[in-house]
Structure formats: structure tokens, C-alpha cells
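Chemist: Give me the fold of what follows.
(one chain, ligands or ions: 4)
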Amino acid sequence: AKESGRNRFSYFTSQLQTAALARMRLTSELRTAIAEQQLEVHFQAIVSLASGTIDKAEALIRWQHPQLGMISPVEFIPIAESCGLITQIGDYVFQQALLWIKKWRSRYQSQFQISINQSPMEFQSDTTRYLNWVQQLHQQGLPGQAICIEITEGLLLDASTKISQKLGQLRDAGIQVALDDFGTGYSSLSYLKKFKIDYLKIDQSFIRNLSSDESDLALSEAIIVMAHKLGLKVVAEGVESASQSEILSAAGCDFAQGYLFAKPMPAEQFEMLLQQQQKN
Ligand code: C2E
Ligand code: CA
Ligand code: CA
Ligand code: CA
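Modeler: Residues are numbered from 1 along each chain as shown. Ligands and ions are numbered 1, 2, ... in the order given. Prediction:
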């Protein structure tokens, strides 16, 4: 028994070591990845449920590692946060969005909008960063509304005036704000009153069993009613089936995003969706 105990112990330490080594490797390689443009921005369609058209897209980062293949943002975003590379990544995503949004607005949909995810740490960083983004949008002849910033509930828990100032700054510039993963955080609803937000994104955990779970349905319907009364629009995340989409549509949900419509894909491929839509 003693023997197997020790084996188990060394098994766990070696697993921990492997995890730590993997993390160290990714940390040091992430810098190179940015420099060598191994990071790629994919776009996922956000569809208006009333018209069925693709009105928006969410930008989602991917790491195409030369040896390890595609690495999920779930794995490297936390690393980027802890080694201070997250704002660099965010700026890269913004640059890519800027490049495409101009084209897509002029060719396909004049109101088209791209959503960009912002980590809490990133959101709280430099105060002039978003002003710089706005400047770049304007230089390209684009309004603030061309982009939307996605933040999470955790950020709003911290009731600091800095955060509400920053949100105010964004809104003054016309940039919209979405509250991501809504319902999974600490959900103190008072922040909906305190902070100016444009969209609630209902987390995919509420959507997954929408057709079978009555409480998920009740919660989703309630979120939609509440959001509308507060003047916010609602995006449902992780919509995978037609029945989910129909239920959301009947409940008055404004937008939907999920594999039912399109997976995240490279910009060139996403553009083909917009092209196709224009022909129909
Ligand atoms: P998120 O912001 O909640 O993004 C939605 C995630 O759900 C994406 O995962 C997307 O691919 C996935 N998804 C979309 N539709 C469906 C569906 O129908 N079914 C299922 N099962 N999943 C669906 P992804 O791309 O792996 O991104 C994971 C998370 O990484 C994001 O969650 C976001 O928190 C973070 N992330 C991605 N890109 C960035 C970025 O540029 N900056 C920052 N700070 N975070 C990012
Ligand atoms: Ca998001
Ligand atoms: Ca989300
Ligand atoms: Ca999420």
C-alpha cells in the first residue's frame, strides 16, 4: 500500500510538472507567436432573429501553433493575462477588426458591427487605449458603433467609479458595450441600473437545454423581458438547434449566435457568408 501511495504521489507530481512545463512553454512561446503572427482572428456570425440576417460578428482569437496545432483561447488567454500580453492581443484583434469592418460595411451591410472580447484586466489597463481605438476608427471614416466591447459581470462587481467612467467614455464615443456570459457571474442586478450597457448576452448554459428544461426557459424569457424594459437588446449564445432558435424568437430575443448559423471562421470565409446573403 505504501508503495502504491508513493507511485500515486509521483504520478501526480509528474502530472503537475507536465502541466507547469506546458504552461511555461506556452508563456515563452506566446511572445514569439504574436511577433510571428501565429495568432489569427476568427469571426462568428450574430444573426438578427427578426430578419434572419447577419448583422454582427464576434471576433474570437485563435493560436495556430507550428507544432501543437490550434490552441484554444480558453488555454492561452489566462496565460496572456498573467504575463502582461493581453493588451497586445486585444490591440491585434482590434486592428484585424478595423481592417475587415471597413470592407464589410461598405460592401455588404452599412451598419455592420464587430464585437471584441475584453478581459477585466485589459479593460482596466490604460485609460487612453479606447480613445486611441476611437481615433483609429474615425481615421478610417468609421463611427464608434462599428465596434462593440464584450465585458463580463465580474468587472462590474468592482463598483469603482473608474469603470463607470470608462464605460461612459466608450458610450460617448458611440462604442457599444455587451455584457458577456450573462447569468453565470455573481449577478447582482443592481449594476444593470448603475452601468450603461447596450446588450446582454445570455450564456450558452441557459440555452443548451432550452427545449427540455422549463427553468432554463423561464430564466431566458425573464432575462429578455427585463433587458427590454431596461432598454437593452439581447443576444443568445450557443444556439445549436432550430428549436432553440424558434423558442428564442418567440420570446422576443433580438439576436442569436451559435453553430446553427455558423461556427467561428477565418475572415475570408466569413466574407463569403455575407456575399451569399447579399445574393439571396
Ligand atoms: P466567449 O466570449 O463566451 O465566446 C463564445 C465561445 O462559444 C467561443 O469559444 C465560441 O467558439 C463558442 N461557441 C459559439 N457558438 C457555439 C455553439 O453553438 N456551441 C458551443 N458549444 N460553443 C459555441 P472560443 O472561441 O473557444 O472562445 C472561448 C473564450 O475565450 C471566449 O468565450 C472568450 O471568453 C475568450 N476569448 C476569445 N477570444 C478572445 C479575445 O480576443 N480576447 C479575450 N480577452 N478573450 C477572448
Ligand atoms: Ca464573448
Ligand atoms: Ca459568452
Ligand atoms: Ca464564455
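Chemist: rest of the way, CA atoms for contacts and neighbours
Modeler: Fine.
Chemist: ok, for the residue in the stretch 101-250 of the chain that ligand 3 sits nearest to, nearest residue in space, not its chain neighbours?
Modeler: Nearest residue of the stretch 101-250 of the chain to ligand 3 (CA to the ion) works out as Asp181 at 4.2 Å. Excluding the flanking residues, the one nearest Asp181 by CA to CA, 6 or more residues apart in numbering is Asp203, at 4.2 Å.
Chemist: any low-confidence regions in this protein?
Modeler: Flagging of the chain using pLDDT under 70 yields the residue ranges 1-13, 159, 186-188.
Chemist: how about the residues of it near ligand 1?
Modeler: 60-61, 72-74, 90, 93, 117-119, 181, 238-240, 257-259, 264 (CA under 6 Å from any ligand atom).
Chemist: residue contacts, the residue nearest the centre of the chain?
Modeler: Centroid-nearest residue in the chain: Asn117, 4.0 Å away (criterion: CA atoms, centre = their mean). By CA atoms under 8 Å, 6 or more residues apart in numbering, Asn117 lies in contact with 59-60, 90, 149-151.
Chemist: Next step: these restricted to strands.
Modeler: Among those, the ones falling in strands (DSSP state E) are 59-60, 149-151.
Chemist: Relative to Leu274, which of the contacts of Asn117 is nearest.
Modeler: Nearest to Leu274, judged by CA to CA, of the contacts of Asn117 is Ala59 at 15.4 Å.
Chemist: number of nearby residues for the closest one?
Modeler: Number of residues near Ala59 (other CA atoms under 10 Å) recorded here: 24.
Chemist: One more: Thr127?
Modeler: Counted with other CA under 10 Å, residues neighbouring Thr127 total 13.
Chemist: any idea how far it lies from Gln165?
Modeler: Separation of Thr127 from Gln165 (CA to CA, to the nearest Å) stands at 10 Å.
Chemist: Leu21 too?
Modeler: Relative to Gln165, and taking CA to CA, Leu21 is found at 40 Å.
Chemist: Then Met121?
Modeler: 16 Å.
Chemist: And Phe206, by the same measure?
Modeler: 31 Å.
Chemist: What lies in contact with stretch 98-106?
Modeler: 110-114, 137, 140, 142, 146, 267, 271.
Chemist: near ligand 3, from the residues you listed?
Modeler: Subset of the contacts of stretch 98-106 in contact with ligand 3: empty, counting by CA under 5 Å from the ion.
Chemist: Among these, which one is most surrounded by other residues?
Modeler: Counting neighbours by other CA under 10 Å, Gln113 leads the contacts of stretch 98-106 with 25 neighbours.
Chemist: That one and Thr18, how far apart?
Modeler: Applying CA to CA to Gln113 and Thr18 gives a distance of 41 Å.
Chemist: again with Leu210
Modeler: 39 Å.
Chemist: These two: who's more crowded?
Modeler: Using other CA under 10 Å as the criterion, Leu210 and Thr18 rank with Leu210 on top: 23 against 12.
Chemist: For that one, identify the helix or strand it belongs to.
Modeler: Using DSSP states H and E, Leu210 is not contained in any helix or strand.
Chemist: my guess is it contacts Leu217, does it?
Modeler: Yes. When contacts are counted by CA atoms under 8 Å, Leu210 is listed as touching Leu217 (5.4 Å).
Chemist: give me the number of residues near Ile147?
Modeler: Residues near Ile147, counting by other CA under 10 Å: 27.
Chemist: Then the one 5 residues further on?
Modeler: Burial of Thr152, expressed as a neighbour count using other CA under 10 Å, amounts to 19.
Chemist: which ones are touching it?
Modeler: Thr152 touches 119-120, 179-182, 185, counting by CA under 8 Å, 6+ apart.
Chemist: do Gln145 as well
Modeler: 113, 174-176 are the contacts of Gln145 under CA under 8 Å, 6+ apart.
Chemist: Mind checking which of these are in strands?
Modeler: Counting by DSSP E, the contacts of Gln145 place 113, 176 in strands.
Chemist: Can you name the two of the contacts of Gln145 that sit furthest apart?
Modeler: Between any two of those (CA to CA), the greatest distance is 11.8 Å, for Gln113 and Gly174.
Chemist: what are the ranges of the helices in the chain?
Modeler: 2-35, 73-82, 86-107, 120-123, 129-139, 153-157, 161-172, 190-194, 204-207, 214-229, 242-250, 267-279 (DSSP state H).
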